[in-house]
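1. Sequence below, structure please.
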Amino acid sequence: MKAMTRVLALGRAELTLLGRNRLALHVAVLVPPLMAWAMRRSIGGIDGLGLGETGMSLDELALTAGFGFVLLFVVHQNLVSAYVARREELVLKRLRCGEARDPEILAGTALPAVLISVAQCALLAVVGVGRLGMRGPARPDLMVAGLVLGIVVCATLAAVTSAWARSVESAQLVTLPLFLVSLMGSGIGVPPELLPAPVASVCELLPLSPALALMRGGWLGGMGAYAAIGHVMTALAWTGMAVFAVKRWFRWEPRR
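-> Numbers count the residues shown, from 1 in each chain. The predicted model follows:
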């Protein structure tokens, strides 16, 4: 109970700081839906490329892309900036001198991003069904599993990535590799079914691919237990590697 109380207290303080940082707040709240809308507008002719064969409409592709943008911008990019900022301001160093343990400090810092990402994904789903007339989720359990795994993977990778950034300004640059790789190969811009089989097999192993595949399968249905377990295991493998990297390379003090 004491650990949870400390995490909630740290999360409340971090949420207050996020509210004061208008740029970070706008990026977290506005950028994911705007990116999904812009992608929907820009690929309006993708049906000619065989999108119908995947069982997805263009609106459903944009919706699942919105889930991916939430994970990338709200969780990963926002948390990299937060960890770097708190490190350079010596906040993390001071927190380690108190009662909070290292996992509690990292979790408390990530809590606002987690809550915002869950709220945004829920809002996207409600808008998709209520406003766009899309079918509802076929397997909500897979959607929840994908969202939870996506948040965990992005949060742990954010802690790892923050070690490469020397300042808050450079934090935006170190998040680009995961963004570009996920945009190209994790099903955000192009469904894996439209990629050549060898390329799709490799892309399934990317960090965000398992979470997005579970969320897409949860929305559309048709994902068997074997495929779902495979995606879960891949996401857990990435989480395990990221946790090891955090323990090994995460920086608690400013880089000199």
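2. quick one, helices of the stretch 101-250 of the chain?
-> Secondary structure of the stretch 101-250 of the chain (DSSP state H, counting those that start in this stretch): helices located at 102-130, 140-162, 168-174, 176-185, 197-203, 209-220, 225-249.
3. just how off-centre is the last one within its chain?
-> Going back to what we said before, that points to helix 225-249. Its chain's average C-alpha position is 14 Å from that of helix 225-249, according to Cα atoms, centre = their mean, to the nearest Å.
4. What's the mean pLDDT across it?
-> In this model, helix 225-249 has an average pLDDT of 94.
5. what angle do that helix and helix 102-130 make?
-> Relative orientation of helix 225-249 and helix 102-130, computed by axes from the mean of the first three to the mean of the last three Cα atoms, to 10 degrees: 140 degrees.
6. And the fourth one, by the same measure?
-> Using the same axes, to 10 degrees, the inter-axis angle of helix 176-185 relative to helix 102-130 is 30 degrees.
7. Can you tell me how far the spatially most central residue of the chain is from residue 235?
-> Central residue of the chain (Cα atoms, centre = their mean): residue 71, 2.0 Å from the mean position. With the distance defined as Cβ to Cβ, to the nearest Å, residue 71 ends up 12 Å from residue 235. For the C-beta atoms, the positions are set from N, CA and C on the backbone; glycine is no exception.
8. same deal with residue 152?
-> Distance of residue 152 to residue 235, given as Cβ to Cβ: 8 Å.
9. Need the overlap of contacts for residue 71 and residue 235.
-> By the contact definition Cβ atoms under 8 Å, 6 or more residues apart in numbering, residue 71 and residue 235 are jointly contacted by 150, 211.
10. Quick check: residue 217 touching residue 229?
-> No - using Cβ atoms under 8 Å, residue 217 is not in contact with residue 229, being 11.9 Å away.
11. If you count surrounding residues, which of the two has more?
-> More crowded of residue 217 and residue 229, by other Cβ atoms under 10 Å: residue 217, with 23 against 10.
12. residues near the nearest residue to the more buried one once chain neighbours are set aside, how many?
-> Nearest residue to residue 217, sequence neighbours excluded (Cβ to Cβ, 6 or more residues apart in numbering): residue 223, at 3.2 Å. As a burial measure, residue 223 scores 17 neighbours (other Cβ under 10 Å).
13. quick check: angle from the helix or strand bottoming out on mean pLDDT in the chain to helix 176-185?
-> Least confident element among the helices and strands of the chain, by mean pLDDT, DSSP states H and E: helix 22-42 (a mean of 75). Angle, helix 22-42 to helix 176-185, by the same axes, to 10 degrees: 20 degrees.
14. what packs against the following helix or strand past helix 22-42?
-> Once the chain leaves helix 22-42, the next helix or strand it forms, by DSSP states H and E, is helix 58-69. For helix 58-69, the packing partners by 3 or more Cβ pairs under 8 Å, 6 or more residues apart in numbering; DSSP states H and E come out as helix 22-42, helix 102-130, helix 140-162, helix 209-220.
15. TSV please, covering these and showing distance to residue 196.
-> As requested, those are arranged in TSV below (distance: least, Cβ to Cβ, whole Å):
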stretch	distance to residue 196
helix 22-42	22
helix 102-130	29
helix 140-162	24
helix 209-220	16
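16. Many thanks, have a good one.
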